[in-house]
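> Any chance you can model this:
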Amino acid sequence: MLVKTYGSAVYGVNAQIITVEVNIDNGVGYQLVGMPDMAIKESAHRISAALKNCGYKMPGKKITVNLAPADLRKEGSAYDLTIAMGILTASEQIKAKDIDKYLIMGELSLDGSLQPIKGVLPIAIKAREEGFKGFFLPKKNSKEAAIVNDLEVYGVDNIKEVIDFFDKEKKIMPTIVNTREEFFENIDKFPYDFAEVKGQENVKRALEVAAAGGHNVLLIGPPGSGKTMLAKRLPSILPPLTLSEALETTKIHSVAGKLESESSLLTVRPFRSPHHTISGVALVGGGSYPQPGEISLSHNGVLFLDELPEFNRQVLEVMRQPLEDRVVTISRAKFTITYPSSFMLVASMNPSPSGYFPDDPKNTSSLMEMQRYMNKISGPLLDRIDIHVEVSPVPFDDLSNKRKGESSLEIRKRVTKSRNIQSERYQNADGIHYNAQIGPKQLDKYCQLDENSKKLLKSAIEKLNLSARAYDRILRVGRTIADLENCENIQPHHIAEAIQYRSLDREGWGT
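Numbers count the residues shown, from 1 in each chain. Below is the predicted model:
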């Protein structure tokens, strides 16, 4: 007897329906075909034990299981439940006349219980698109799938519950999640707040400007000055995620298996902080079976690289293309996968190998050592960082002051207002949503300077020995500062503030 059940495979951040064909005929043997990986090939042992422990058995006949389309490689243990239900139906141990109307996935334990799987959200979206009536999956994944509307999601703990649903028509209550209510309820909940930061008003202002314009930031300061503390609070002042952004971000984390158990929709922008020993594949994504890297996991959020010069230079160089294109493309012989990677890069570093600024008495690094240290970061990568800000140690008076600073919520209101101005300005420009993304054409149109601003910028470039690459960056940042003040034109004081955010372009930094 031939029976078809349905599962799904994830490629990139999208899913594809997999038809599991189970045929039972006279003879002996178990054949699994359709390019399965080792985890799927081992499923026969898990299925046999699980069925026996639930009062059923593997039929002593010739069993052929085909995973179609057969030319696509399948991986993981999520097909255990799909295959098991096909075997039970094909061997007529259960009656399941409507089994082809449901998507069924889950990893079986030997006692028949189900373990959580990866990529549930894109699979649920695909199931709805293909018109499936419902989706059976492990209970720990049910909330994640239930955010998809118009699809009955059944979270189960054991294969026996699925068998009873089809064979004995026992009802299972579908999991229901009010997506919008849950999303808007948690959209303003952050573990960190700028009100907790003592002093550092100039750095908080720089991060506000960066958040308003989507600019990449480099924080330069000695150990203990608060670089990491400030960076962790940046997501709390970024504009709230839209529902579509939240779904897109959740899909990536779902595919990578990074969602917490029994969680549903990500409601706050991600903050990723990989260690400096990370490999290029782990940062960008890839591998034998491609998975999203850290830059995709920080999509619509912040990627924080602490101690930037300690990262392998080749690893940093692979970020150059994603920073420009906002996507990562991973090519293999038989397929190409694209992951989104639109993120804000925030990096931190010490000003010298000894950890201190050149004029600090504690600095023991020679000029040559400092230059070698700075040269670990390439010019093309620095070109993609609009704001360089120096972070000085916090004075004792500020540390001991019990008065709280401005909250993240207040800063966020100004940032969101500025982003709305930019969205309206660039609504007819493809792929441009905020100031950090504008090119030469938009610079000429929207960043025109009056005579006083031109004189100030010219004087700064000549007297401070700013590099040529600083010119465009200053204009972009100046445009963002003007937007924060709701000014149509860039004023001299906007340019003056933007000039302060180009520390590494000044003479003496070894660049």
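
> distance between the ends of stretch 393-407?
Stretch 393-407 has an end-to-end distance of 21 Å (criterion: CA to CA, to the nearest Å).

> Going forward, count from 790.
Taking 790 as the first residue, the last one we looked at is stretch 1182-1196.

> Show residues contacting it.
Applying CB atoms under 8 Å, 6 or more residues apart in numbering, the contact partners of stretch 1182-1196 are 982-990, 993, 1010-1011, 1013-1015. C-beta coordinates here come from the backbone N, C-alpha and C atoms, glycine included.

> In helices, which of these fall?
Mapping the contacts of stretch 1182-1196 onto helices (DSSP state H) picks out 990, 993.

> mind listing the strands for the stretch 840-989 of the chain?
With strands called from DSSP state E, counting those that start in this stretch, the stretch 840-989 of the chain shows them at 851-857, 891-893, 896-897, 903-904, 923-927, 941-945.

> Make CSV from those strands and add mean pLDDT to it.
Listed next are the strands of the stretch 840-989 of the chain as CSV, based on pLDDT from 0 to 100:
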stretch, mean pLDDT
strand 851-857, 95
strand 891-893, 97
strand 896-897, 96
strand 903-904, 96
strand 923-927, 96
strand 941-945, 96
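
> any chance of the ones you listed in CSV, with distance to residue 1206 and mean neighbour count too?
Output for the strands of the stretch 840-989 of the chain, formatted as CSV (distance: least, CB to CB, whole Å; neighbours: other CB atoms under 10 Å):
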stretch, distance to residue 1206, mean neighbour count
strand 851-857, 52, 19
strand 891-893, 43, 26
strand 896-897, 47, 22
strand 903-904, 46, 20
strand 923-927, 41, 25
strand 941-945, 38, 22
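
> Can you list the low-confidence ranges for this protein?
Low-confidence segments of the chain (pLDDT under 70): 1122, 1257, 1294-1300.

> Residue 963 contacts residue 945, correct?
No - if you go by CB atoms under 8 Å, residue 963 and residue 945 don't touch, sitting 11.0 Å apart.

> then the lengthiest helix in the chain to CSV, C-alphas only?
Using DSSP H to define each element, the chain has its longest helix at helix 1197-1214. Coordinates of each C-alpha in helix 1197-1214 appear next as CSV, following Å, rounded to 0.1, in the frame of the first residue of the first chain:
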residue,chain,number,x,y,z
SER,A,1197,15.9,55.2,26.5
LEU,A,1198,12.2,55.8,25.8
GLU,A,1199,12.7,59.6,25.6
ILE,A,1200,15.7,59.2,23.3
ARG,A,1201,13.8,56.7,21.2
LYS,A,1202,11.0,59.2,20.5
ARG,A,1203,13.5,61.6,18.9
VAL,A,1204,15.2,58.8,16.9
THR,A,1205,11.8,57.5,15.6
LYS,A,1206,10.7,61.0,14.6
SER,A,1207,14.0,61.5,12.7
ARG,A,1208,13.7,58.1,11.0
ASN,A,1209,10.1,59.0,9.9
ILE,A,1210,11.4,62.2,8.2
GLN,A,1211,14.1,60.2,6.4
SER,A,1212,11.6,57.5,5.3
GLU,A,1213,9.3,60.2,3.7
ARG,A,1214,12.3,61.9,2.1
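
> That one: what's the following helix or strand?
Sequence-wise, the next helix or strand downstream of helix 1197-1214 (DSSP states H and E) is helix 1229-1235.

> Give the next helix or strand downstream of that next one.
Next element after helix 1229-1235 (DSSP H and E): helix 1240-1252.

> From the rest of the structure, what touches that following helix?
1238, 1255, 1259-1260, 1263, 1267, 1279-1281, 1283-1285, 1288.

> can you list the domain ranges for the protein.
As recorded under automatic domain parsing, the domains making up the chain are 791-956, 974-1294.

> and of these, who's closest to residue 968?
For the domains of the chain, the distance to residue 968 is smallest for domain 791-956, at 4.6 Å, taking CB to CB.

> What is the end-to-end distance of that closest one?
With CA to CA as the measure, domain 791-956 spans 17 Å from end to end.

> What I need now is the strands of the stretch 840-989 of the chain written out in JSON lines, including distance to residue 913 for each item.
As requested, the strands of the stretch 840-989 of the chain are exported to JSON lines (distance: least, CB to CB, whole Å):
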{"stretch": "strand 851-857", "distance to residue 913": "20"}
{"stretch": "strand 891-893", "distance to residue 913": "8"}
{"stretch": "strand 896-897", "distance to residue 913": "17"}
{"stretch": "strand 903-904", "distance to residue 913": "16"}
{"stretch": "strand 923-927", "distance to residue 913": "6"}
{"stretch": "strand 941-945", "distance to residue 913": "7"}
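
> residues contacting residue 1070?
Going by CB under 8 Å, 6+ apart, residue 1070 touches 1076, 1082.

> And the one 3 residues further on, by the same measure?
For residue 1073, the contacting residues are 1082, 1084, 1107, 1108, 1111, 1117, 1119, by CB under 8 Å, 6+ apart.

> Ok, residue 1125 next?
Residue 1125 sits next to 1118, 1119 when contact means CB under 8 Å, 6+ apart.

> mind listing the helices in the stretch 1090-1239 of the chain by residue range?
1102-1106, 1109-1114, 1156-1163, 1168-1172, 1185-1189, 1197-1214, 1229-1235 (DSSP state H, counting those that start in this stretch).
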